[in-house]
Every structure is written in structure tokens, then in C-alpha cells.
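J.: Below are the sequence and a predicted model; questions follow.
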Amino acid sequence: MSLAINPLMSLASNPPNYEPIAHLQNEFKNKDKFIDDGVLPFLEQILFPYLSKEARILDLGCGCGHLMQQLQLKGYQMTGIDASEGLLRYARINAPESEFILGDIRKFELPPTFNAIISIDVFIFILNNQDLTAVFRNVYTALQENGLFVFSIPLVELMYKLAGERYFNHIYVNDECAFLELFYYQPEEKMWKIEVTGFELVEKTWKRSDTTWLRKDHLFTDVKSALENVGFREISHLNAGEGTGNTCFVCRK
């Protein structure tokens, strides 16, 4: 299957549209097994040992706030930023003691008050090196001296097996709603088109919602160069999980 990416490039200048499926994101994504069995054990190894118990942490692309909820329970002072008002409505419920900012992570400006900044499965939606550098510059500015920046990002070098399939899907279902993501690969752009469809049972009637996202796989050298260009010097990385295609970077200001 060959899909032309150019008609979708208007999506590239805006954050992904979560508004039609915000409830489904809260219902299915970034909860339970992913947070408890995946992200938290990882952060226990690479981040928590270097933070005080009341450290200030900024979560970029915090979504519905499920990770923030768990970090809040650990005693950290949490702030989240996301471009979706729909997702933030759930985040304010899930992590009520945290602070939230509605904004684009490519454009935010915050003073250097954070001991750590994290971003999990968000930079898949940063589609070019210019925007990636802009985000990293914002992060560097918002970190205190010796602050840590931890993020995951899909790399071309790790995605080649999955990309060779050109297509895969994620399906989430319960009694009252269903959520489907269809991924189509465009090798020339190192980019995926993601067609998202949700179904919710509302007053005994099934309601359908649709949206489309673009996802970018990045080159390791581009990511490292962007980090160095904004000032990060202590940069390390490790595999974020078998079969995910993601690498986790740990950087110190």
C-alpha cells in the first residue's frame, strides 16, 4: 500500500487533534500496565534516585495525567503541559494536586524552576528537526542547573523491522467503547499516518469519532545534535523497550 503524505502535511504545523477522542484516551491509553509495568520501573532506575522527594517535575505532553497522578502520589511537585483542552480536563481530575498549562510544547516559555522534565511517547508527534530543537531549547531554559531531562523518542535505526511491515494496528475494547489506531508507513518521509477511530455507547446509541495524526521517526544523530545545539552536554541513551522502536534519552543541564 502506498500513501501520499503531502495532502496531510497541513497537520504537521499543529499538535495532534485529541478533542474527538479525549474520553477514549482517558479510558484506554497511558494507564495501568503501561504506567505501572513500563514507565514507573524505568524512571525508578534512571530518574528518581537523583531527585529529592519534593522535586519539581514538568511533564511535557502530559495527556490525561495518569503518569502525573502516580508521581504526585510519590510526593513530587508536578506541572503538566498539553495542547489539548480535552485531555487536560481529565488530567485535572486524575491529578488534582498538580498544576496544568494549556500550550504547545514547541512554544512554551517557563523560568528555570524544574529539577526534572520528562516526556513519554510525545516526541513521536514532533515532525521536523527545527521543532525538535525548539522543544529542547524550551526544556533547557526551564530546567534548573544540573536538572535532568528524560524523554522517549522513536528512532529510524530501531524502527526498521516494524517499518518493513508498512502497516500495523492497535485495538482497545471494553463494554462501552472501542478505540482503533491504524498505522501506515511512508518510507521516504520516515513518517507514519495514523488513522484513529473511536466508538462510544451514548444513551444506547454508538457514537463514532475520527481523527488523523502524523508520527515521525527520527535519526539518532539529529536528536543528539539538537540536544547539543541548545546546550546539553551530558547526554546518554538506552533502549526504552523491546519492540517499541523507542530510545530513552537522559540529559543533564
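T.: Done, it's in.

J.: Most distant residue from the centre of this structure?
T.: The outermost residue of the chain relative to its centre, with distances by Cα atoms, centre = their mean, is residue 204 at 33.4 Å.

J.: and the next element down the chain from the longest helix seen in the chain?
T.: With secondary structure taken from DSSP state H, the chain has its longest helix at helix 129-142. Note on helix 129-142: by DSSP states H and E, the next helix or strand toward the C-terminus is strand 143-154.

J.: Sheet-wise, list the partners of that following strand with their directions.
T.: Neighbouring strands of strand 143-154 in its sheet, by DSSP bridges, are strand 114-119 (parallel), strand 246-252 (antiparallel).

J.: How many neighbouring residues does residue 70 have?
T.: Residue 70 has 18 neighbours, counted by other Cβ atoms under 10 Å. The way it works is simple: take the backbone N, C-alpha and C, and place the C-beta from them, glycine included.

J.: Then the one 10 residues further on?
T.: Residues contacting residue 80 under the criterion other Cβ under 10 Å number 26.

J.: coming back round to it: so can I have CSV of the strands paired with strand 143-154 showing distance to residue 149, mean pLDDT and mean neighbour count?
T.: Rendered in CSV, the data for these read as follows (distance: least, Cβ to Cβ, whole Å; pLDDT from 0 to 100; neighbours: other Cβ atoms under 10 Å):
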stretch, distance to residue 149, mean pLDDT, mean neighbour count
strand 114-119, 5, 98, 23
strand 246-252, 4, 92, 20
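
J.: can you tell me which residues contact the closest residue to residue 65 other than its chain neighbours?
T.: In space, and not counting its chain neighbours, residue 65 is closest to residue 91: 3.0 Å by Cβ to Cβ, 6 or more residues apart in numbering. With contacts defined as Cβ atoms under 8 Å, 6 or more residues apart in numbering, residue 91 is in contact with 62, 63, 64, 65, 68, 80, 82, 98, 100.

J.: Secondary structure element holding residue 91?
T.: Taking DSSP H and E as the definition, residue 91 sits inside helix 85-94.

J.: Tell me the helix or strand right after that helix.
T.: The first helix or strand that comes after helix 85-94 along the chain, using DSSP H and E, is strand 99-102.

J.: which helices and strands sit right next to that next one?
T.: Using 3 or more Cβ pairs under 8 Å, 6 or more residues apart in numbering; DSSP states H and E as the contact test, the elements touching strand 99-102 are strand 77-82, helix 85-94.
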